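**Student:** pasted the sequence and its predicted model underneath.
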Amino acid sequence: MRKFFAVFLVAVFCMAGVFAGGSGEGDGDTYKIGFIGPLTGDNANYGIRCSNAARLAIDEINADGGVNGKMLELVAEDSEGTVDKAIASYEKLAYSDNVIAIVGPVFTSPALAVAQRCMEDGIVMISPSATHKDVTNQERTNPDGKNYVFRTVPSDSLQSEVAAYYFYQVLGYRNLAMLYAMNDYSQGLANGLEETFTSLGGKIVASETCMVGDKDFRTQLARIKSANPEAVYIPNYTVEDAQILEQGAQLGVGPYLSSDGFSDPMIYQLAGDYTDGVVYVGPAQAEASTILTDFQAAYRNAYNGDEADSFATNSYDALYILADSIERAGAEADRDAVRDQVEATKDFLGANGTINFASNGDLVASQGVYDVEGTTPVYVGAFQVQNGQIVQVD
Amino acid sequence: MSTFTLYMQYIVNGITLGAIYSLIALGYTMVYGILKFINFAHGDVLMVGAFVGLLVYEALAGAAEPGMWTIFCFFIAMLASMAFCAVLGMFIERVAYKPLRNANRLAPLLSAIGVSFILSNGAAWIFGTTSRRFPYPFENDPIHIGGVTITPHQILVIIVSVAMMVLLAFFVNKTRMGKAMRATSLDQPTSMLMGINVDRVISLTFAIGSALAAVGGMLAAFDFRVYPSMGTMTGLKAFVAAVIGGIGNIQGAMIGGVLLGILEAVGAPLLHIPNGMRDTVAFAVLIIILLVKPDGILGKNEREKV
């Protein structure tokens, strides 16, 4: 009996596999767009919001009749935020699903790895959230030497540069400490900040590291306390930052400065008692446009009142830029034609305002500064560095 | 802050962390002492304990302001969680380990790894994978002594851990059941011949170990938060603590835990290496201890019985 049951189960799984395989093959009536991001695990909040936003954009476009008479289809793959899984996701999307372009990966380390492959294979990738300066600095290994990597989030080098100027010139800090995780995202920001901040004449009095997933930061915080900085820069993801804020408050360390990782509202659930007074540099807010408010309302409506974060907004824009490019590439749109059109994108009006790409695929942008009051981030304004001075642009 | 107070601060933090490791290490060591088998599902029992504790606490305390009532709720939640995990531990033993007691030594080990996956994936399925906060049952304003800061929750962790260990030591050394336990760990067949119900002793060992893991899980939850994979690394560290102290030895587990906690907190700054490598230091020390003293600090010199 048991044996029969086992054989039966195997048969069922095999059949499920056959059917799934059958429906997965592209049938020429759709354009498949891939998505790579963490959909499970502690950092799933970032990936789920981004894929939700992309799916929302696709639903809107399809409800409007699709592109070139064809429907769009999102194939979302779970990277769990790791490089291995992201590469596996990429291979499935590129070789098995035959997607025309990819939105993602969400995190920096997977994005660095996938960007290399996209360059090699000639597939457009638009990351909504990978901010490391090297993401758009990959060798152009495809035969034509073209660029296939774009992003709708500003590069770290921009973020950390504006952050350093703002902390030095506007907030007047001269001695900072840093506590950052040993991953590409946090290290990229911390190194960039240190470079600019010290070139301005400031001093990094303590530079402490941790691992992603660490829960106890008291040793680092005690060392930072003994170095007596004016403020502590913590460019990490929410789970680590929440722990740092709470344990730092217990040890009497602060105030804190952070990065765009702080724009995820989950921080207020995890450490709502300790967020008051945190200043962070993140995405500049678009001038209140109906596109943005419509998107936020539609997102809330579609996903049970969940609020879209800035990465989700970037993901939404990325999807619309792709759809727009496919449309301009015409009925015969292939991966290369789409690339040419993405590169040719000019003054695209998205939820984040007017979008242009620099020649390396970077977003042309200013940076936003936020000051947290209680558990509400208050927008200070958009800033740019011009001729060695920080300037508020709106 | 002077270097002295800085290091005092590290040690205070290390002892808190170590007290939790000790509690969990006890479960590994007790089971090993009796069955000569590493219960790799122990870390996940700790996670279940934290979840049960959190759910009971939230159900009882609701949104109440921290005060006497919430502290009372916390201890009720702790008792409930201990009871739940004790039953769970006995159940796991009965279902996954007992049928394999006479099998190849690797079989129960693999079975334990299987149980570990079932528990952590089950929790991920039921509760989702995001971390949850365990609210402090009291105002957690830090207390400053000299330049050293300690918070009430750290004091609670230390007091509860010490109390549990004293209770356990009393139970093992002074009660009849404890005596039976010690006898079983010395020589199982002979104990059986002497009329000790070995099955019951083993069940009880799992119950006590799991109840201690539940306490450890709830105490760890303040600092580590509650999430389905929380038992993996914490359990591994506690296992290391048990080995450092001498696996199979109850006092050894207590000493090993506190030692590991202090090593983790002090090691990296003492050696002037980045703190991101603190676990490397802890595990390097494990290797050194094993090289110098393979049985651990208090390990008993075990000879093959002839």
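**Tutor:** Good, I have the coordinates. Note that the coordinates shown come from a computational prediction; the quantities given were computed from them, not determined experimentally.

**Student:** shaky segments in the stretch 151-300 of chain A?
**Tutor:** Counting by pLDDT under 70, the stretch 151-300 of chain A has low-confidence residues at A:286-288.

**Student:** please list the residues of it that sit near chain B.
**Tutor:** A:181-182, A:208-211, A:213-216, A:218-220, A:222-223, A:225-226, A:228, A:239, A:243, A:247, A:249-252, A:266, A:269-270 (C-beta under 8 Å from any C-beta of the partner chain). C-beta: built from backbone N, CA, C; applies to glycine.

**Student:** just the buried residues of those.
**Tutor:** The neighbour-count test (16 or more other C-beta atoms under 10 Å in any protein chain shown) marks A:181, A:208-211, A:214-216, A:218-220, A:222-223, A:225-226, A:239, A:243, A:247, A:249-251, A:266, A:269-270 as buried among these.

**Student:** okay, and which of the residues you listed map to helices?
**Tutor:** A:218-220, A:222-223, A:225-226, A:239, A:243, A:247, A:249-251, A:266, A:269-270 (DSSP state H).

**Student:** which of these lies closest to residue B:8?
**Tutor:** Comparing these against residue B:8 with C-beta to C-beta places residue A:222 closest, at 9.5 Å.

**Student:** that closest one against residue B:9, yeah?
**Tutor:** Yes - contact criterion C-beta atoms under 8 Å: residue A:222 and residue B:9 qualify, at 4.5 Å.

**Student:** could I get the buried residue list for the host helix or strand of residue A:33?
**Tutor:** Secondary structure from DSSP states H and E places residue A:33 in strand A:30-37. By 16+ other C-beta under 10 Å, the buried positions in strand A:30-37 come out as A:31-37.

**Student:** again, but for stretch A:141-154
**Tutor:** Here stretch A:141-154 shows A:142, A:147-154 as buried, counting by 16+ other C-beta under 10 Å.

**Student:** likewise stretch A:61-80?
**Tutor:** A:61-62, A:66-67, A:70, A:72-80.

**Student:** do stretch A:49-58 as well
**Tutor:** A:49-58.

**Student:** I'd like those written out as TSV, with secondary structure and distance to chain B added.
**Tutor:** What follows is the buried residues of stretch A:49-58, written out as TSV (DSSP: H, G, I helix; E, B strand; the rest coil; distance: C-beta to the nearest C-beta, whole Å):
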residue	secondary structure	distance to chain B
A:49	helix	13
A:50	helix	16
A:51	helix	16
A:52	helix	15
A:53	helix	19
A:54	helix	21
A:55	helix	20
A:56	helix	22
A:57	helix	25
A:58	helix	25
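
**Student:** what stretches of the stretch 151-300 of chain B score poorly on pLDDT?
**Tutor:** Those would be B:300, if you go by pLDDT under 70 across the stretch 151-300 of chain B.

**Student:** how about the residues of it near chain A?
**Tutor:** Close to chain A, as judged by C-beta under 8 Å from any C-beta, the stretch 151-300 of chain B has residues B:151, B:223-225, B:227, B:233, B:264-266, B:268-269, B:274-276, B:278-279.

**Student:** tally of neighbours for residue A:323?
**Tutor:** 23 (other C-beta atoms under 10 Å in any protein chain shown).

**Student:** I'd assumed residue A:67 was in contact with it.
**Tutor:** Yes - Residue A:323 lies in contact with residue A:67 (C-beta under 8 Å); the separation is 5.3 Å.

**Student:** which residues do those two both contact?
**Tutor:** residue A:61 (C-beta atoms under 8 Å, 6 or more residues apart in numbering or on different chains).

**Student:** strands paired with the strand holding residue A:33, and their directions?
**Tutor:** Using DSSP bridges, strand A:30-37 pairs in its sheet with strand A:71-78 (parallel), strand A:101-103 (parallel).

**Student:** quick one: the shortest one to chain centroid distance?
**Tutor:** It stands for strand A:101-103. Distance of strand A:101-103 from the chain centroid (C-alpha atoms, centre = their mean, to the nearest Å) equals 14 Å.
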